[in-house]
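>>> Mind looking at a prediction? Sequence and model below.
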Amino acid sequence: MCESTLRHIEDIIAKTHSGDKEQLEAIFSDARRLIVEAPAGYGKTKTMISKIAYILASGKLPNPKKILALTFSVNAAYKIKKDVAEQLPKLLKSGNFNPGRINEKVFISNYHGFCRHILKLYGYLIHENLRNVDTFRSIDDSDIETMTNLGVGLTYEDAQELSELSDAIKAVRGKYINENFKSYLEKVKAHLLPNNYITYNSIILFVLQLFIDYPELLRFYHQYFPIIIVDEFQDTNIINYALLRCLVSELTKVIFIGDPLQRIYGFIGAVPNLMDRAKENYGMKEIKLKKNYRFKDNPKMLLLDKNIRLNAENPTDPDISKYAPIDLKIFENQAKEAEWIREKIQDIIREDGSVKVAVLVRSRSRNVMEIINSLENGGVDYFYGLYSDEDEFYIKFHQDCMNIFANHIKGNSRITKLNLRRFYNKIKKAYVGQSSPGFQSLFDLLKIFLDRLMTEYYFLTNEERINFILDTLESRALKQQLEYVDKNVILSTIHGAKGLEWDYVIMPDMEQYGFPTYYSLCGTCGYKHNQIRDGFCQLVYDKKIERQFLEELSVFYVGVTRARKDIFFSSSRRRIHYSGEERETYVSCMLSLPGIKP
C-alpha cells in the first residue's frame, strides 16, 4: 500500500475517533504486547474494531495469515464481526467490498466457538467422533445426577470426578486442574464421545490436549495467527487463559482489551487480577482509555462513574475531589418502594413513550416479587429477564435447545428462515404447558435471536450461522438479546445486563442484605451498629474483605453504567426476609462510599 493511501486511512480513523489520543494510540501502536484498559462507555468496542480494520486496511497482515479475535461473550464476538465488515468498506473507500471476505483475514469467535472449529478439523486425532462435535448433545459436568442417568456407563464416582474438575475451574484451582484434566478427558472419551455427548469444559480441554500431544499443530497455529486480539479479557477463566498462553508464541503480536472493574464473573471462574498478571507475564505496554463517551454530556453520571472507579483504585483512601449526587428514595417498607418504582416508570414513559427503562436487581428475592406485583397490578407491561447463570431452568432451556438443534440439523443443515421456524416450533412443542414467566420470556429471546440472525447477520456463511446458534446456546447467552426486546420496561439481574444499555436504569433494594447480599459481602463485613450513620451502612474497609468488596463494587459499577441518561436508586427501612417476615435494615454501603452523596 502506498504511503499516501495509508495516510488517508489514518486520517479517516482519526476523524472517526474525534482525535481521541488514547484510542488512536491503541489503534496505531506497533507494540508487540499491548494491554488496553477500557471502562464502560470509553469506546472499547469501537477502538477494537478500528484496530482490526486498520491492520487489514493498511496491509500489515501478510497472506495467508489471519487475525484471531476472541471474546468472552458470543454476542460480542459476532457484533465485532458485523461491525468490522461494515467499517472496512468505509476505510477502503470501496462499495464493492464483500463482508464475507472478512473470513479470509480474521477469525472472530468466543473461546468455545474457536475450539469447536479446531475439533472439527483435528479432533479425530483424539477421537473419531469429534469431527461431528456440532451435532453432539451438551452435558453439564457439574450435574452428577444427570451424568449418571445418561446410561453410558458413567459410575457415580466417574461423574463426581467430572464435577470436581468443573468446580476447580470455577474456583481457579490451577494445580488440581493440571493434575486431573487428563483423567477427566479419558472419562469423556470412554463414555460420552462414543454416545455423541460432550461437556462444556471438555471442548476447551480437548484442544489443550491436542496442542500438548501434537506440537506441530500448535506451531501451525502460531504461524497462522500472528496477531491475537482478546476483548473482555477480564472475564477470561483459567482454562481459556491456558489456551491463550498456548497460542501466544514469542513472535505473536498480542492485544488484550478489558476493564478490571467489570470482572463480575468470579463466581464462575474469571481469574482474579488477570490484567495485572498478564502485564507481568508478557511485559505489556499499557494504554488506559480516558474519555467517557456514554456520559460525555452528562456531568452527573460522569462524576458518579469517576468516583466509583476511584474507590476501586484505592479503597482505603480514594482521591475524591467532588461528591457525585445520586437520586435515592427511601421508604418504610418494600410495598411502598415497589409502588414508587411503578409510578416512576409510568412518569418516565409518559414523558417519552419510546424510552427504555431497566429495573436491575442484584438477585431474585421476595422484595423483587413486590415490584413484579406492583407492576402487574398497575397495568405496566414489562419483560421478565431475571435470569442467573446458575438457574436450573435457564441452564436446562439452553441445553434442551442445543440438543434439539443438533438433532434438527442432522436432517437439514441449511439455515433458512423456514428451517429456523421449524426448529423454534420444536422447542415450543417440547415445552408445551410451560407458562412460567421465565420460560415464556426465554421463548421470546430465542425468537428475537433467530430473527436477528437472518436479518442483521445476512453475510454469515451457513457454517457460521450454525456456529452462532451453537455458540449462543452452549454459552447460555440468550439473555444478551434483552437489549432488543420490544418493550419499554425490562426486569433483569445486573449479571444478565452486562454489555447492554438502556435509557434509564432503576436499581431497587439498595439495602443491607439486598445489595450487597449476605453471601457476597454483608456476611463477612462484621458491621456493628456504630457503623450505621443516618440509616446508612458505613463500610469499614479491611484487607480481609478486599476481594469481596471489589467484586461487589464491580457489580455495582456494571449496574450503574447500563444507563445512558440517568439512574435512580431506592431502598426500604424494612426488608422482606426469605422467611417472609419483615426485618429492619439499612441503606446499602455502596451508597455511602466516599464520593457518593444521596
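Noted; the coordinates are in hand.

>>> any low-confidence regions in the stretch 1-150 of the chain?
1, 91-101 (pLDDT under 70).

>>> who's in contact with the closest residue to A312 other than its chain neighbours?
Of all residues not flanking A312 in the chain, L261 sits nearest, at 5.0 Å (CB to CB, 6 or more residues apart in numbering). To be clear about C-beta, it is placed using only N, CA and C from the backbone, and glycine gets the same treatment. By CB atoms under 8 Å, 6 or more residues apart in numbering, the residues touching L261 are P39, I308, R309, A312, L553, S554, Y557.

>>> at 10 Å what do you get?
37, 39-40, 234, 308-309, 311-313, 550, 553-554, 556-558, 561 (CB atoms under 10 Å, 6 or more residues apart in numbering).

>>> Please apply the same query to Y42.
Y42 neighbours (CB under 10 Å, 6+ apart): 20, 22-23, 36, 259, 288-295, 305.

>>> Out of those, which sit inside helices?
E22, Q23, D305 (DSSP state H).

>>> how about the residues you listed in a markdown table, adding neighbour count?
Formatted as a markdown table, the ones in helices among the contacts of Y42 follow (neighbours: other CB atoms under 10 Å):
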| residue | neighbour count |
| --- | --- |
| E22 | 19 |
| Q23 | 28 |
| D305 | 22 |
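
>>> tell me which of the residues you listed is nearest to I466?
Q23 (34.8 Å; CB to CB).

>>> re earlier: now restrict the contacts of L261 to buried residues only.
Restricting these to buried positions leaves 37, 39-40, 234, 308-309, 311-312, 550, 553-554, 556-558, 561, with burial counted as 16 or more other CB atoms under 10 Å.

>>> Just those: which are in strands?
E37 (DSSP state E).

>>> Next, give me the two most distant ones among the buried ones among the contacts of L261.
Going by CB to CB, the pair spanning the buried ones among the contacts of L261 furthest: E37 and F556, at 18.7 Å.

>>> buried subset of the contacts of Y42?
D20, E22, Q23, V36, D259, L289, N292, R294, F295, D305.

>>> can you list the residues you listed in JSON lines and add distance to I118?
JSON lines is the format used below for the buried ones among the contacts of Y42 (distance: CB to CB, whole Å):
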{"residue": "D20", "distance to I118": "36"}
{"residue": "E22", "distance to I118": "35"}
{"residue": "Q23", "distance to I118": "33"}
{"residue": "V36", "distance to I118": "27"}
{"residue": "D259", "distance to I118": "29"}
{"residue": "L289", "distance to I118": "32"}
{"residue": "N292", "distance to I118": "38"}
{"residue": "R294", "distance to I118": "36"}
{"residue": "F295", "distance to I118": "41"}
{"residue": "D305", "distance to I118": "39"}
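
>>> Looking at those residues, spot the one nearest D140.
Using CB to CB, the buried ones among the contacts of Y42 come closest to D140 at D259, 29.2 Å.

>>> who are the neighbours in contact with the closest residue to that closest one other than its chain neighbours?
Spatial nearest neighbour of D259, chain neighbours left out: P39 (5.1 Å); criterion: CB to CB, 6+ apart. The contact partners of P39, taken as CB under 10 Å, 6+ apart, are 258-262, 288-292, 294, 305-306, 308-309, 557, 561.

>>> Can you report how many residues neighbour G535?
13 (other CB atoms under 10 Å).

>>> Let me fix that, I meant to ask about L56.
L56, neighbours per other CB under 10 Å, totals 21.

>>> next one: the one 3 residues further on
Neighbouring residues of G59 were enumerated by other CB under 10 Å; the total is 12.

>>> which SS class is it?
coil (DSSP: H, G, I helix; E, B strand; the rest coil).

>>> Hmm, K65 and it touching each other?
No. Judged on CB atoms under 10 Å, G59 makes no contact with K65 at a distance of 11.8 Å.

>>> so who does the spatially closest residue to M147 that is not a sequence neighbour touch?
Setting aside the residues directly before and after it, M147 is nearest to A159 in space (CB to CB, 6+ apart), at 4.0 Å. Shown in contact with A159 (CB under 10 Å, 6+ apart): 139, 141-150, 187, 191.

>>> mind running it again at 8 Å?
I144, M147, T148.

>>> Between those, which sits nearest E104?
Nearest to E104 out of these is M147 (CB to CB; 40.9 Å).

>>> Which elements pack onto the helix or strand hosting E463?
Here E463 sits within helix 462-474, counting by DSSP states H and E. Applying 3 or more CB pairs under 8 Å, 6 or more residues apart in numbering; DSSP states H and E, we find helix 462-474 packed against helix 74-92, strand 106-110, helix 111-122, helix 392-411, helix 437-455.

>>> OK, contacts around the residue most central in space within the chain?
Central residue of the chain (CA atoms, centre = their mean): S73, 4.7 Å from the mean position. Applying CB under 8 Å, 6+ apart, one finds that S73 lies in contact with N110, E232, D235, S475, A477, Q480, G499.

>>> hmm, 10 Å instead?
79-80, 110, 231-232, 235, 471-472, 475, 477, 480, 498-499.

>>> could you dump those to TSV with neighbour count and distance to K417?
Listed next are these as TSV, based on neighbours: other CB atoms under 10 Å; distance: CB to CB, whole Å:
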residue	neighbour count	distance to K417
K79	19	21
I80	22	25
N110	26	25
D231	25	30
E232	26	31
D235	23	33
D471	23	20
T472	27	17
S475	21	24
A477	21	21
Q480	22	21
K498	23	30
G499	21	27
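
>>> Go through these and name the one nearest E339.
Using CB to CB, these come closest to E339 at K498, 28.8 Å.

>>> these two touch, right, that closest one and A270?
No. Contact criterion CB under 10 Å: K498 and A270 do not qualify, at 11.5 Å.

>>> where do the contact lists of the two overlap?
F72, E232, D235, I264.

>>> just those now: which is nearest G411?
Among the shared contacts of K498 and A270, and counting by CB to CB, the member closest to G411 is F72, at 32.7 Å.

>>> and the gap between that closest one and E584?
40 Å (CB to CB, to the nearest Å).

>>> before we move on, back to that, farthest pair in the contacts of Y42?
That would be V36 and F295, which, of the contacts of Y42, are the farthest apart (CB to CB) at 19.6 Å.

>>> so where's the stretch 301-450 of the chain shaky on pLDDT?
In the stretch 301-450 of the chain, no residues with pLDDT under 70.

>>> Is N419 in a helix, a strand, or coil?
Classified using three-state DSSP, N419 is helix.
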